[in-house]
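S.K.: quick one: sequence plus predicted model below, questions after.
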Amino acid sequence: MTSLVDQLIVLVMLINFAALGSGRLAVAIRAVALQGVILGILPVLIHSFSWHLVVITGGLILAKGIIIPWLLTGAIVRARISREMEPYLGYVPTLLIGAITTGLSFVFAARLPLAPEHQGLLFVPAAIATLLTGFIVLVTRRKAISQVIGYLMLENGIFLFGLLLTEAMPVMVEAGVLLDLIVGIFVMGIIINQISREFSSIDTSRLTTLRD
């Protein structure tokens, strides 16, 4: 079971590079959807069975793997875009930065004062790497949808770290994390609609010219 968990965590980190290196929005959406499904499965694999865990897992897979990707796919169809044409930073430099931050995540995780049972696990470096990847996507992409994807990845990193504490976290805290994610998506959706209405574009660099 531990081997399977480690393989899934490695896959989560590989998905980070897929999102960083792809200019096609549909590919990035599918990548973050797959990442969400994996994160939804992990709690069942690492913790003892309980019905509240099953409910949370089902909700995570439904929200992260199906509903949110479906909404983002609909957004790119309505906006008639398929690619991130002119990111603030090119894909090759972005991949290099992603590789460096992933390596540094392992170095930083090794220096953290973790509990003895958490020492040597991939959860912490993978969580830090995923969080930083989401931040990189947020600051290097122009399209608002790409930035939503970055926000999702950032939240995935936070959730991955939180998996170490799942047994200690009450259901309402876990549900609150998911609610925070959904609220963030709605806010970004409003921004996307506003930009599209004003400019027929979802390039966030044009936000500076928005007027009431």
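M.R.: Arrived safely.

S.K.: where does this protein dip in pLDDT?
M.R.: Residue ranges of the chain with pLDDT under 70: 1-2, 48-49, 52, 84-85, 117-118, 165-212.

S.K.: again, only using 90
M.R.: Along the chain, the parts satisfying pLDDT under 90 run over 1-7, 18-29, 32, 36, 39-92, 108-124, 137-212.

S.K.: how near is Leu122 to Ile56?
M.R.: Distance, Leu122 to Ile56, by Cβ to Cβ, to the nearest Å: 21 Å. For the C-beta atoms, the positions are set from N, CA and C on the backbone; glycine is no exception.

S.K.: that should have said Leu39, apologies.
M.R.: The gap separating Leu39 from Ile56 is 11 Å, by Cβ to Cβ.

S.K.: try Val77
M.R.: Counting by Cβ to Cβ - Val77 and Ile56 are separated by 30 Å.

S.K.: comparing those two, which residue is more hemmed in?
M.R.: Neighbours were counted for Val77 and for Ile56 using other Cβ atoms under 10 Å; Ile56 has more, 21 against 11.

S.K.: so for the strand or helix carrying that one, what gets flagged as buried?
M.R.: Using DSSP states H and E, Ile56 sits within helix 51-62. Neighbour counts over helix 51-62 (16 or more other Cβ atoms under 10 Å) mark 53, 56-57, 60-61 as buried.

S.K.: which strands and helices sit next to it?
M.R.: Helix 51-62 sits against helix 25-46, helix 171-199, with contacts defined as 3 or more Cβ pairs under 8 Å, 6 or more residues apart in numbering; DSSP states H and E.

S.K.: sorry, back to before: tell me the one of the buried residues of helix 51-62 nearest Ile149?
M.R.: Ile149 lies nearest to Leu60 out of the buried residues of helix 51-62, by Cβ to Cβ, at 17.1 Å.

S.K.: can you tell me the closest non-neighbouring residue to that closest one?
M.R.: Once flanking residues are discounted, Leu60 sits nearest to Gly40: 3.8 Å by Cβ to Cβ, 6 or more residues apart in numbering.

S.K.: contacts only, for the most centrally placed residue in the chain.
M.R.: Geometric centre of the chain, nearest residue: Met153, 1.4 Å, by Cα atoms, centre = their mean. Neighbour list for Met153: 16, 19, 32, 35, 130-131, 133-134, 137 [criterion: Cβ atoms under 8 Å, 6 or more residues apart in numbering].

S.K.: quick check: buried residues in the one helix or strand it maps to?
M.R.: Assessed by DSSP H and E, Met153 sits inside helix 144-162. For helix 144-162, the neighbour count (16+ other Cβ under 10 Å) marks 144-157, 159-162 as buried.
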